[in-house]
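> sequence below, structure please.
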Amino acid sequence: MSSSETTAPYGAASGGAVTAPRKAVTLSRIADMHARGEKIAMLTAYDATFGAVADLAGVDCLLVGDSLGMVCQGLDSTVAVSMEAMHHHTESVARGLRRAQGTA
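Below you'll find the model as predicted:
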């Protein structure tokens with residue numbers, strides 16, 4: 001292999017062409033997308049890691065819902081999820097976002 005060639009670590013596929021960064025997703029942009037009939041990608045997230053992965057994948061909006069009580073806290077329902085827990089998880093997801101819109 002010549003010194004000008006590089007290989008991806010762990011046998012991963014080499015990266016494609018670098019593209020311009022996508023614009024941040026705002027509520028106005030989501031409203032415009034809806035008005036134009038564009039598809040909007042939205043997922044649920046509960047932490048910074050998943051927020052960052054979804055953001056990098058191009059998800060437009062991430063929801064932090066009270067389902068975190070059953071998914072993360074092992075509760076039987078969402079009734080006992082506190083505002084403090086919602087705040088904690090919303091802040092965590094927001095830390096992982098660079099362009100996607102976060103909502104609770």
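
> ranges for the helices of this structure?
Taking DSSP state H as the criterion, the chain carries its helices at 27-35, 48-56, 68-71, 83-96.

> so what would you say the end-to-end distance of stretch 66-83 is?
9 Å (C-alpha to C-alpha, to the nearest Å).

> give me the buried positions along that stretch.
66, 68-69, 75, 81 (16 or more other C-beta atoms under 10 Å). All C-beta spots, glycine's among them, are computed from the backbone N, C-alpha and C.

> could I get the residues you listed as TSV with distance to Ala54 and pLDDT?
Formatted as TSV, the buried residues of stretch 66-83 follow (distance: C-beta to C-beta, whole Å; pLDDT from 0 to 100):
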residue	distance to Ala54	pLDDT
Asp66	19	96
Leu68	15	95
Gly69	20	96
Leu75	24	96
Val81	21	96
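
> still on that earlier bit, so which of the helices of the chain is nearest Ala104?
Across the helices of the chain, Ala104 has its closest neighbour in helix 83-96 (4.4 Å, C-beta to C-beta).

> just how off-centre is stretch 45-65 within its chain?
Its chain's average C-alpha position is 1 Å from that of stretch 45-65, according to C-alpha atoms, centre = their mean, to the nearest Å.

> name every strand pairing with the worst-scoring helix or strand of the chain on mean pLDDT and say which way it goes.
Sorting the helices and strands of the chain by mean pLDDT, DSSP states H and E puts strand 101-103 at the bottom, at a mean of 91. Strand pairing for strand 101-103, using DSSP bridges, gives strand 61-63 (parallel).

> pLDDT of the partner strand, averaged?
Mean pLDDT, computed over strand 61-63, is 95.
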